[in-house]
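Engineer: the following comprises the amino acid sequence and a computationally predicted model.
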Amino acid sequence: MAIVRGRKNHRTKIVLAGLTASAVMTATRPALLARVYAAGNSFEWEKQEDVNRLGGQYTSAARSADGSALMLSVLHGGEEGDQQESPLYISTDSGAAWENVANEADPGVQNQWTSVDVSNNGQVMAATSEWGNNFVGFSGENGKIVLSVDSGDTWDDVTPAGVTDWQSVVVSGDGTKIAAINDDEYDRVYVSENSGASWTTVSVPDVWHIKSVSISDDGDTMLVGGENVHDYDTQLYRTENNGADWSDISPNPEDGVYDVKHDLSSDGTKIVAAANSYDGEQAAKVFISDNSGDTWAEETTGDVSTSQWVDAAMSDDGTVVSVLNQDEVRISTDSGATWHAEDPGQTYEDTNTWQSIDFNSDGTDAIVAGLENAYITTGASPDPSTPSVNLVNPENSKAIQITTPDGTTITCHSAVKESGLAAHAGLHRSFQ
């Protein structure tokens, strides 16, 4: 799960009610807001309808520091022999446009992508696959770790020699440190401190099957969840010195859990751990620590009964936290004190089986993927008394949000370049 960082605010000159500037709002047709506000949602969600999964299943989603860089991985899908089967999608403009870079990342190979992550500035992008076909008699290819250091323009195969079946990858804030786990060597984590140029293996004492990994912004703190060799329950372990020493920080070691989904704040001090029930009969639990896992508080996430959480995410400072089961997205914006259900597909009447979620640094921007649909946000929903709309700046394709004072009603809007203002007659009033 990517730990992703901050967004900078930029002053944007605008014009209202047929008024303009760098980004422009005009009364050109009957009012429809850019996004429909779903009752009960705290975020504005926009379905990524132009991202064609080719019949496959989304497996992982990641978002960068400022929210501009996004990634989506797909498992299976497509037609037989199609090199674009199991697409690997990236966006460098906050989701305004997506590109399938599967063939650029590994030419001629049909990878089954399992995990993605992105650095703070969106420059470093990483993806893993569990296996692939090379289209030469459809012979099998080993799973890979592929990496881009230029926002997806070019890609390198940085897979450790002889290792396959990769399940998860995470990168540090600057993208130089990478940690990955695979299903062939259950008891170790592969770690690179030079952007995949070389790798070392890190073993975790008393763990025979590592299932999850997360990393702090500076790369110094790493968490792994794995099954204990003694009792087969999943425990949570922390290292702060690249695996030389490990601490068992399991929030409920006697409760009988088989899997823990986790994420941590940028400095590694705050952690969310979503612990799944081993026997499927008791409800799964969510724990939050604000002291690097030394002590834990069990959280009540609301009216939800589940035995399995599938993902967990946390903002930079640990204020915004989310856990997913296959049916529900649960989000807290106060470090777990209160929770609410979020339904990104509500306005689209979608039925979703959730897989992955990720935030930018302050938790206002998110990306969430189900098996069949993906959604993004660009900022938390405003108070109804302060209307806002979201637009794409036609000058630079960046996402912007326009919020008007109390009492103002936005009835319609569009964005045009300043050079096109001559075509828009009417009253013009600019403000900054």
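Structural biologist: Nice, thanks for sending it over. Numbering: from 1, shown residues only.
Engineer: now Ser119: how far from Ser129?
Structural biologist: Noted for Ser119: a distance of 20 Å to Ser129, by CB to CB, to the nearest Å. Where C-beta positions appear, they are placed from N, C-alpha and C, glycine not excepted.
Engineer: ok, now Ser168?
Structural biologist: On the measure of CB to CB, Ser168 and Ser129 end up 12 Å apart.
Engineer: flag the shaky bits of this structure, pLDDT-wise.
Structural biologist: 1-40, 77-85, 135-139, 231-232, 253-258, 277-283, 303-307, 379-392, 396-414, 417-432 (pLDDT under 70).
Engineer: and the helices in it, which stretches?
Structural biologist: For the chain, applying DSSP state H gives helices covering 102-105.
Engineer: looking at Ser168 and Ser129, which one has more neighbours?
Structural biologist: When Ser168 and Ser129 are compared for neighbours, Ser129 comes out ahead with 31 against 23, by other CB atoms under 10 Å.
Engineer: which residues touch the nearest residue to Glu130 once chain neighbours are set aside?
Structural biologist: Once flanking residues are discounted, Glu130 sits nearest to Gly143: 4.5 Å by CB to CB, 6 or more residues apart in numbering. Contact analysis of Gly143 by CB atoms under 8 Å, 6 or more residues apart in numbering lists 111-112, 114, 128-132, 159, 164-166, 182.
Engineer: mind putting those residues into JSON lines with distance to Asn52?
Structural biologist: Below are the contacts of Gly143 laid out as JSON lines (distance: CB to CB, whole Å):
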{"residue": "Asn111", "distance to Asn52": "17"}
{"residue": "Gln112", "distance to Asn52": "17"}
{"residue": "Thr114", "distance to Asn52": "19"}
{"residue": "Thr128", "distance to Asn52": "21"}
{"residue": "Ser129", "distance to Asn52": "19"}
{"residue": "Glu130", "distance to Asn52": "21"}
{"residue": "Trp131", "distance to Asn52": "22"}
{"residue": "Gly132", "distance to Asn52": "19"}
{"residue": "Thr159", "distance to Asn52": "27"}
{"residue": "Thr164", "distance to Asn52": "27"}
{"residue": "Asp165", "distance to Asn52": "26"}
{"residue": "Trp166", "distance to Asn52": "24"}
{"residue": "Asn182", "distance to Asn52": "28"}
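Engineer: which of the residues you listed fall in strands?
Structural biologist: Counting by DSSP state E, the contacts of Gly143 place Asn111, Gln112, Thr114, Thr128, Ser129, Glu130, Trp131, Gly132, Trp166, Asn182 in strands.
Engineer: in this structure the first one contacts Asn134, no?
Structural biologist: No: the pair Asn111 and Asn134 fails to qualify as a contact (CB atoms under 8 Å) at a distance of 10.0 Å.
Engineer: the two: who's more crowded?
Structural biologist: A count of neighbours by other CB under 10 Å puts Asn111 above the other of Asn111 and Asn134, at 30 against 16.
Engineer: and the more buried one, bridged to which residues?
Structural biologist: Gly132 (DSSP bridges).
Engineer: burial of Val207, as a residue count?
Structural biologist: Neighbours of Val207 (other CB under 10 Å): 23.
Engineer: that one pairs with what?
Structural biologist: Assessed by DSSP bridges, Val207 has beta-bridge partners Asn228.
Engineer: pretty sure it contacts Val229?
Structural biologist: Yes: between Val207 and Val229 there is a contact under CB under 8 Å: 6.9 Å.
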